[in-house]
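Q: Compute the structure for the input listed below.
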Amino acid sequence: MRVLIISDTHSDSIEKLPASVLAEAKAADAVLHAGDIIGLTLISELRGINPSTYAVRGNMDSMVTEELLPSKRMLQFDGVAIGLIHGEGSPFGLENRLLYEFDGADIIVYGHTHKPFWGKIGDVYFLNPGSPTANRYQPQGTYALLFIEHGRFRAEIKQI
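A: Numbers count the residues shown, from 1 in each chain. Purely as a prediction, here's the structure:
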């Protein structure tokens, strides 16, 4: 299974996403967006490309209610439990705070910092795709691909 992971797009339309991200959305089995979307049109358009698109609300998505977009969700893909959340507050210690948000997650996918990260903290893997459009700390935008097969997984951070 191939999962595209994006966050912090800060855009209201897929027209503002890089062509490589749109191509990955078409090729993926699922798309996860870890918040700071800015407009629900983007999620609707992503679902038009890939119906298996899941998103959460970020701290900049104040116009979106919990009923329309949850602040966190737990997903299962091929035996792998994934907690999807945006994150908030200081980037320092964010991963430690997110550990308390999910029981039993194998991977916590998050955003907020605009800095890509893939690594293990304690018994949980953390995956932050960075941002494909608002790359504050990187010379270029980033996104992530998560590959899952029979309960095993690996991730890659991709530069645009």
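
Q: residue boundaries of the helices in the chain?
A: Using DSSP state H, the helices found in the chain span residues 19-27, 40-49, 94-98.

Q: These: which one's closest to residue 147?
A: helix 19-27 (12.1 Å; C-beta to C-beta). The C-beta positions use only the backbone N, C-alpha and C, and glycine is treated the same way.

Q: contacts for the closest one?
A: For helix 19-27, contacts defined as C-beta atoms under 8 Å, 6 or more residues apart in numbering pick out 2, 4, 6, 14, 31, 46, 49-50, 53, 132, 143, 145, 158, 160.

Q: now swap in stretch 79-96 and tell me
A: With contact meaning C-beta under 8 Å, 6+ apart, stretch 79-96 is reached by 7, 32, 34-36, 54, 56-59, 71-76, 97-98, 101-102, 104-113, 115, 117, 121, 126, 148, 150-151, 153.

Q: start to end distance for that stretch?
A: Stretch 79-96 has an end-to-end distance of 24 Å (criterion: C-alpha to C-alpha, to the nearest Å).

Q: Buried residues in that stretch, which are they?
A: Along stretch 79-96, these residues count as buried under the neighbour rule (16 or more other C-beta atoms under 10 Å): 80-87, 94-95.

Q: Those: which two are farthest apart?
A: Spanning the widest gap among these are 80 and 94, at 21.8 Å by C-beta to C-beta.

Q: now the helices of the chain in JSON lines, with mean pLDDT and distance to residue 66?
A: Output for those, formatted as JSON lines (pLDDT from 0 to 100; distance: least, C-beta to C-beta, whole Å):
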{"stretch": "helix 19-27", "mean pLDDT": "98", "distance to residue 66": "25"}
{"stretch": "helix 40-49", "mean pLDDT": "95", "distance to residue 66": "13"}
{"stretch": "helix 94-98", "mean pLDDT": "94", "distance to residue 66": "18"}
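
Q: okay, those helices in JSON lines with distance to residue 138 next?
A: As requested, those are exported to JSON lines (distance: least, C-beta to C-beta, whole Å):
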{"stretch": "helix 19-27", "distance to residue 138": "15"}
{"stretch": "helix 40-49", "distance to residue 138": "21"}
{"stretch": "helix 94-98", "distance to residue 138": "17"}
